[in-house]
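1. Quick one, structure for this:
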Amino acid sequence: MKELKGACIIGQSGGPTSVINASALGAIRTALDSGTITRVLGAAHGIRGVLDDRLYDMGKEDPAELELLRYTPSSALGSVRYKMKDPDKDPKDYERILEIFRKYDVRYFFYNGGNDSMDTCNKISKFMRRSGHECRVIGIPKTIDNDLYGTDHCPGYGSAAKFIATTCMEVYQDARVYDTGMITVIEIMGRNAGWLAAAASLACLKGAGPDLVYLPELPFSLERFYIDVEEIYRRTGKVIIGVSEGIRDEKGTYISEYGSAMAQQKDAFGHAQMGGLATTLASLLQERTGAKVRGIELSLLQRCAAHLASLTDIREAYLAGQAAVEAAIGGETDKMVAFRRDTGTRGEYLCRTELIDLHQVANLEKKVPREWINEAGNGMKQEFIDYALPLIQGEPHLPKEDSLPRFARLKKVLTSEV
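-> Modelled structure (predicted):
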């Protein structure tokens, strides 16, 4: 494979995570250190930054400040939810991207995101090939939802799972302070896949987890739910429920739509806006049982709680960015970095990277296997615990100033200012 010299663009897209910037650092640092990539550019707000010619010169950043990206949550370059149209029907955006790529001699494009972002990568890669502009495109996986097809797990999931399990354990302690009965509903992110809600069951390992866990992989029956909750409440007087925001009834209607107008709002990809489920279920349970019921929505904390990040997750996120750049320099294109789980000689968890075709992963979702959910559909089995537990391991040494987190402060020098 011949050496391809030129600039690269790195972009972030979709919902942030507590470790997405570790992936950005892995890609930026590897690209800056390479003798092949001539200039490293960061796209302001993902693909919109390319279309608007708002690109940061990452070579102008202080190396020590860049290093702090490893422990900085959210998307330091800025994220976006922008759906690329079919280039055969409307090639305007793609022609603009080609114009920008030619302007800066961009020969490498790295996009860090989830399902929709991999679709964007796939479309751009194909258009560049048809246009005769040689550009190697690699997707870097990211999503706390852990639903990307073709990879054992996704960067961001381990840290979110750790936060969810820890928070459930803390809520468990608080919910048992008084000698009166109480039901607590904890709403956890996850539109169509229940990996995050399933993580609540990790708290059960320490005897402080939810009594019931519901995932969107199975239809949700309110009547069955009432029976589950009332049986435990009669027996113990305390019930904690972990529930995915995306649970739906037998007809496919989101339960959150029962009591929230938020679900009528759609994003650029046509996804309903989630939220309000805990309040809906809490109201229904209070009316049904007469008990004191509290609804808790973990919301954005699940994806930005870097103070509870998994060291394993941080290291693997960096590895994903590094592997993407190394693969592209080595001649690969139209691929996504994926993780494969291995077992060491002493039975320890190991993770390695490999590449899968973008067309395989774009717009597909990986669900929690049915055999990992208990027969009643309201809890997790040991198979899930064995899967998730290695991903939350390790405590990073987080930089602090005045006992508060020290996050990266990038200069974000635009190419137009250089």
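
2. Going along the chain, name the helices of the protein.
-> If DSSP state H is used as the criterion, the helices of the chain fall at 20-33, 47-51, 63-67, 92-103, 115-131, 157-174, 195-199, 222-236, 277-289, 301-304, 311-329, 358-361, 382-388.

3. closest one to residue 210 among those?
-> Closest approach to residue 210 among those is made by helix 157-174 (5.9 Å; C-beta to C-beta). Backbone N, C-alpha and C define where each C-beta goes, glycine included.

4. For the residue most central in space within the chain, give me phi and psi.
-> The centre of the chain sits closest to residue 143, judged by C-alpha atoms, centre = their mean, with a distance of 1.7 Å. Note on residue 143: backbone dihedrals following degrees, to the nearest 10 are phi 170, psi 130.

5. wouldn't it be in contact with residue 16 here?
-> No. Taking contact to mean C-beta atoms under 8 Å, the distance of 10.1 Å between residue 143 and residue 16 leaves them out of contact.

6. from memory residue 364 sits against residue 115, does it?
-> Yes. Taking contact to mean C-beta under 8 Å, the distance of 7.0 Å between residue 364 and residue 115 places them in contact.

7. any weak-confidence spans in this protein?
-> 1, 259-275, 418 (pLDDT under 70).

8. One more pass at 50, please.
-> With pLDDT under 50 as the threshold, the chain has low-confidence stretches at 261-263, 267, 269, 271, 273.

9. List the buried residues of stretch 122-136.
-> Within stretch 122-136, the residues scored as buried using 16 or more other C-beta atoms under 10 Å are 122, 123, 124, 125, 126, 127, 128, 131, 135, 136.

10. hmm, who's touching it?
-> For stretch 122-136, the surrounding residues in contact (C-beta atoms under 8 Å, 6 or more residues apart in numbering) are 4, 84, 86-87, 91, 94, 97-98, 101-102, 106-109, 111, 137, 328, 331-334, 358-359, 362.

11. again, 6 Å this time
-> The set of residues that contact stretch 122-136 without belonging to it, under C-beta atoms under 6 Å, 6 or more residues apart in numbering, is 84, 87, 94, 98, 107-109, 137, 328, 333-334, 358-359, 362.

12. Quick one, which of these are buried?
-> The neighbour-count test (16+ other C-beta under 10 Å) marks 84, 87, 94, 98, 107-109, 137, 328, 333-334, 358, 362 as buried among the contacts of stretch 122-136.

13. Save these as CSV, and put in distance to residue 245 too.
-> Output for these, formatted as CSV (distance: C-beta to C-beta, whole Å):
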residue, distance to residue 245
84, 26
87, 33
94, 34
98, 39
107, 41
108, 36
109, 32
137, 32
328, 36
333, 36
334, 33
358, 28
362, 24
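
14. Quick one: residues contacting residue 416.
-> Going by C-beta under 6 Å, 6+ apart, the list of residues near residue 416 is empty.

15. ok, now residue 53?
-> Contacts of residue 53 were listed using C-beta under 6 Å, 6+ apart, and they are residue 100.

16. Could you do residue 166 as well?
-> Going by C-beta under 6 Å, 6+ apart, residue 166 touches residue 308.

17. at 8 Å what do you get?
-> With contact taken as C-beta under 8 Å, 6+ apart, residue 166 is in contact with 203, 308.

18. do residue 202 as well
-> 161, 164, 165, 209, 385, 388, 389, 392.

19. want to throw those residues into a markdown table with distance to residue 316 and neighbour count?
-> Conversion of these to a markdown table gives the following (distance: C-beta to C-beta, whole Å; neighbours: other C-beta atoms under 10 Å):
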| residue | distance to residue 316 | neighbour count |
| --- | --- | --- |
| 161 | 13 | 27 |
| 164 | 18 | 29 |
| 165 | 18 | 25 |
| 209 | 25 | 21 |
| 385 | 19 | 16 |
| 388 | 14 | 23 |
| 389 | 15 | 15 |
| 392 | 12 | 24 |
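
20. Out of the residues you listed, the closest to residue 71 would be?
-> residue 392 (16.6 Å).

21. which parts of stretch 236-251 are buried?
-> Within stretch 236-251, the residues that qualify as buried by neighbour count (16+ other C-beta under 10 Å) are 238, 239, 240, 241, 242, 243, 244, 245, 246, 247, 248.

22. er, stretch 304-314 I mean
-> By neighbour count, with 16+ other C-beta under 10 Å as the criterion, the buried positions of stretch 304-314 are 304, 305, 306, 308, 309, 310, 311, 312, 313, 314.

23. repeat for stretch 90-106
-> Those would be 91, 93, 94, 97, 98, 100, 101, 104, 106, for stretch 90-106 by 16+ other C-beta under 10 Å.

24. can you check stretch 174-190 too?
-> Within stretch 174-190, the residues scored as buried using 16+ other C-beta under 10 Å are 175, 181, 182, 183, 184, 185, 186, 187, 188, 189, 190.

25. Let me have those residues in CSV, adding distance to residue 196 as columns.
-> CSV is the format used below for the buried residues of stretch 174-190 (distance: C-beta to C-beta, whole Å):
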residue, distance to residue 196
175, 20
181, 28
182, 24
183, 21
184, 17
185, 15
186, 11
187, 10
188, 5
189, 5
190, 5
